[in-house]
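Chemist: based on what follows, work out the 3D shape:
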Amino acid sequence: MSGQSLLIIIIVGIVAGWLAGQLVAGGGFGLIGDLVLGIVGAFIGNWVLPRLGLHLGVGVVGLIINATIGAVLLLLVLRLVQGGGRWGRRW
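Modeler: Prediction:
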């Protein structure tokens, strides 16, 4: 992975983290947490989806879609592990 592609994944990850925080209601970790989540999700999305045979567009738009899917998946897994939200926490 070149330095330029790493920088693009980081920038796309920031956008994807914000989108994932908006898509998963009540699942955000604040501004900084969502940005970090998006960067990690970008790496996950750009690694997992091509290995599953899913190619969701080309260019920056495709990268944002992949990264957002990765960030949403990571956010859902974190919510399951934490027991937060409607799935695990009881009143």
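
Chemist: shaky segments in the chain?
Modeler: 1, 25-28, 83-91 (pLDDT under 70).

Chemist: contact partners for residue 37?
Modeler: By C-beta atoms under 8 Å, 6 or more residues apart in numbering, the residues touching residue 37 are 17, 20-21, 29, 71, 74-75, 78. For every residue, glycine as well, the C-beta is placed using N, CA and C.

Chemist: could you redo the last one with a cut-off of 7 Å?
Modeler: Contact analysis of residue 37 by C-beta atoms under 7 Å, 6 or more residues apart in numbering lists 17, 20, 29, 71, 74-75.

Chemist: same check, this time on residue 29
Modeler: Per C-beta under 7 Å, 6+ apart, neighbours of residue 29: residue 37.

Chemist: now it: how far from residue 5?
Modeler: Distance of residue 29 to residue 5, given as C-beta to C-beta, to the nearest Å: 26 Å.

Chemist: name the member of the contacts of residue 37 with the most neighbours.
Modeler: Ranked by the number of neighbours (other C-beta atoms under 10 Å), the contacts of residue 37 place residue 71 first, at 32 neighbours.

Chemist: and residue 13, what helix or strand is that in?
Modeler: Assigned by DSSP states H and E, residue 13 belongs to helix 3-23.
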